[in-house]
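Participant: need a 3D model of the sequence below.
(one chain, ligands or ions: 1)
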Amino acid sequence: MLLVLALLLVACSGAGGSTKPPAGVCVRTDASNAVTLTANNLQFSTACIEAFVGKSIVIHFTNQEAAPHDVVVFKDSSKKQELGRSDIVTGPNASTTLTIAPPFPGQYYFECTIHTAMNGSLIVRGEAPAP
Ligand SMILES: [Cu+2]
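Facilitator: Predicted coordinates for the structure are as follows:
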């Protein structure tokens, strides 16, 4: 319970989602616009996913620990508009897949709704990367 409160405090004290992540730290989707995301030690494996428009974005999510996690993508960190929600999975090594189709290029926001300190940016580029 204390841990949950601490995580909520951390989440509320951060500005969240409005800052651009530094270049070069994003995990890029592959040519089919799919990416693998894992959760362990109450953290996602990356705080930035970079995808491209024109094809649905597929997030293969694996929870490597016994704490339950999900992945929910929102338009921004206000969380008013939800673009997609995975199942809650409880590991170790439990997987689910989330498919979303953001309509426009831009910076979106994802988080674990159970531990909102687990969050990151989904950056959608305007064009598919050159093969
Ligand atoms: Cu979580």
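
Participant: this structure: strands as residue ranges?
Facilitator: With strands called from DSSP state E, the chain shows them at 27-28, 34-40, 43-44, 48-52, 57-63, 68-69, 72-74, 82-85, 89-90, 94-100, 106-111, 119-125.

Participant: which residues of this structure lie near the ion?
Facilitator: His69, Cys112, Ile114, His115 (Cβ under 5 Å from the ion). Where you see a C-beta, it was placed from the backbone N, CA and C, and this is true even at glycine.

Participant: change it to 6 Å
Facilitator: His69, Cys112, Ile114, His115, Met118 (Cβ under 6 Å from the ion).

Participant: from those, which two are the most distant?
Facilitator: Largest separation among the residues of the chain next to the ion by Cβ to Cβ: Ile114 and Met118, giving 8.2 Å.

Participant: okay, those two: which has more neighbours?
Facilitator: It is Met118, of Ile114 and Met118, that has more neighbours when counted by other Cβ atoms under 10 Å, with 21 against 15.

Participant: chain neighbours aside, what residue packs nearest to the residue most central in space within the chain?
Facilitator: The centroid of the chain falls nearest to Phe110 when counting by Cα atoms, centre = their mean (3.7 Å). Leaving aside its sequence neighbours, Phe110 sits nearest to Val73 (Cβ to Cβ, 6 or more residues apart in numbering; 4.7 Å).

Participant: quick one: that neighbour from Pro92, how far?
Facilitator: In this view, Val73 and Pro92 are 24 Å apart by Cβ to Cβ, to the nearest Å.

Participant: who has more neighbours out of these two?
Facilitator: The residue with more neighbours, out of Val73 and Pro92, is Val73; 22 against 11, by other Cβ under 10 Å.

Participant: from Asn119, how far out is that one?
Facilitator: Counting by Cβ to Cβ, the gap from Val73 to Asn119 is 11 Å.
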